[in-house]
Structure formats: structure tokens, C-alpha cells
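K.L.:
compute the structure for the input listed below.
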Amino acid sequence: MDKSNTDQLHAVMLLATLKPSPQRSNTDLLCRYTARYFTKNNAASEVIRLVDYHILPGLKRDMGEGDQWPEIIPKLLASDIIIFATPIWWGLQSSLMQRVIERLDTENDTLLETGISPFANKAGGIVITGAEDGAQHIIANLCNFMVWNGLTMPPACSVSRLGDIPEDKSDEEIFAMFDSESTKDMAEVMARNLTHIVRLLHRDPYKDKRVNRTNISAGAVGIRHK
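P.N.:
Have a look, this model is predicted:
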């Protein structure tokens, strides 16, 4: 589908905070702050707080009774932009973010078997918060996973905010604080770049083509050797 600059896009943010609703989450705050810049680029945003769902461990789209991942995956497949949003825990992404990676493995199987990704012509981005080091490491891991699953990652496609966020301030006061920091520039540039690249992809999508494994060596990243 050809989507011009005036057509609205849809971004889904997978929020991997460990705090269930209605607890306040710094990563949720940064997601909602970033969503304002998506709005300025004519892209609606939906934040899915993963901890509020019962997502079973496993490697299938549907792990059976009680699994709510099947409620989430259709939203990803229908979106234009997918954001992985995670706090930092001991230098790594949260366990819920890792659970998403594991559950998306079945979508990776489709790519490996056919050469066609369910996420082709979609763009990916990353949101990170934390009071410790590890953001660059997490960005590297998540970017690697996302690109090998067919998502397109434009330049500057991450927003990270490290350091404490005052608990006694309102959301709007915190957003004003973000406005005075580099957080604003990161959110603005990421939203602009993601919406730009996905509109380019809609006008000139990747061609559906099966993988030619003739010259692919065994053990190549993202390719299943047979």
C-alpha cells in the first residue's frame, strides 16, 4: 500500500517494564513522551504493557490455554513501526523483553524457511531507561534481533534516558524535564527517521523473494543451514 506523507501510520510499543498497571513506570513515561513526536509525524502510537498480559514461555505463536501472546502478535503484524521498550536490569533488557524475543522466534522461522519476513517493510526502534550502564549493549542486541527478523532500522532509531526520574513530579513536569535534555532530540529524531523510512518502504517495498542459499556458508547468522 502506498502511504504518502499525509497518511497516518501506526506504531506499536512493546513496553517491557516489570511494573503492572497502574504502577508508574519510567519506561512507560519515556514511551508516552516519544509518542508525542510520532503524533507530530502523523503516526498514532499504542503502548502494550506486557506485564499486564499472561505471556507463556515457548516458541510457538500460541502456547495453548491461558496464553495471551496471540492477542499481541496480530497488532505487531498490522503495525507500521514496532518499538521495543525496556528498562535496564543488571546491564541487560528485562525478562519480559527477552520473552518477546523468544516468542518471536516462530516468526523468524518463517523468514528462514521462505526468505520472506512477516515484518518486511516495517521499521523498528528502541526505548530504554535505567539508572545504570548497559544501554548501548542492549541496543546492539535488540537491533541485531530486529534486523535479522526483517525490520528496517534507520539511523538514530533509539531513545535512552539514564539516571533517576523524580517520583514526586507529575507526568507533565517530567516531560518538561525531558524537553530540557538530550532526550528531546533523541525522541524527535527517532520518530522522524522511523516514519520517514517506513513511508519510503511503503512506496518502494522490498521484493518478495525466496532466499538463495547457494553461496551461504554453514552457521551464517540468521540463516538456517540444511
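K.L.:
quick check, V47 in contact with T34.
P.N.:
No - using Cβ atoms under 8 Å, V47 makes no contact with T34, being 9.8 Å away. Every residue, glycine included, has its C-beta placed from N, CA and C.
K.L.:
tell me the mean pLDDT over stretch 102-112?
P.N.:
Average pLDDT, stretch 102-112: 88.
K.L.:
show me which residues of the helix or strand of the chain with the lowest mean pLDDT are buried.
P.N.:
When the helices and strands of the chain are scored by mean pLDDT, DSSP states H and E, helix 105-114 comes last with a mean of 84. Neighbour-count burial for helix 105-114 flags 107-108, 111-112 (criterion: 16 or more other Cβ atoms under 10 Å).
K.L.:
starting at the chain centroid, how far to that helix?
P.N.:
18 Å (Cα atoms, centre = their mean, to the nearest Å).
K.L.:
wait, I101 touches M146, no?
P.N.:
No - here I101 does not reach M146: they are 9.5 Å apart, not a contact under Cβ under 8 Å.
K.L.:
quickly list what's touching both of V47 and T34.
P.N.:
Shared contacts of V47 and T34, defined by Cβ atoms under 8 Å, 6 or more residues apart in numbering, comprise M13.
K.L.:
ok, back up a step: neighbour count: I101 and M146, which is higher?
P.N.:
M146 (23 against 16; other Cβ atoms under 10 Å).
K.L.:
out of the buried residues of helix 105-114, who's nearest S180?
P.N.:
Of all those, S180 sits closest to E107, with 39.5 Å by Cβ to Cβ.
K.L.:
tell me the SS of the closest residue to that closest one other than its chain neighbours?
P.N.:
Among residues not flanking E107 along the chain, P118 sits closest, at 5.0 Å (Cβ to Cβ, 6 or more residues apart in numbering). Under DSSP: H, G, I helix; E, B strand; the rest coil, P118 falls in the coil class.
K.L.:
T106 versus P118, what's the distance?
P.N.:
10 Å (Cβ to Cβ, to the nearest Å).
K.L.:
for this structure, which segments count as strands?
P.N.:
All strands of the chain, identified by DSSP state E, fall at 9-15, 43-49, 81-89, 92-93, 123-130, 158-162.
K.L.:
how about the ones you listed in CSV, adding mean neighbour count and mean pLDDT?
P.N.:
Shown next, in CSV, are the strands of the chain (neighbours: other Cβ atoms under 10 Å; pLDDT from 0 to 100):
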stretch, mean neighbour count, mean pLDDT
strand 9-15, 22, 99
strand 43-49, 19, 98
strand 81-89, 25, 98
strand 92-93, 20, 96
strand 123-130, 25, 98
strand 158-162, 21, 96
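K.L.:
mind putting those in a markdown table, distance to W69 included?
P.N.:
Listed next are these as a markdown table, based on distance: least, Cβ to Cβ, whole Å:
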| stretch | distance to W69 |
| --- | --- |
| strand 9-15 | 11 |
| strand 43-49 | 11 |
| strand 81-89 | 15 |
| strand 92-93 | 17 |
| strand 123-130 | 19 |
| strand 158-162 | 25 |
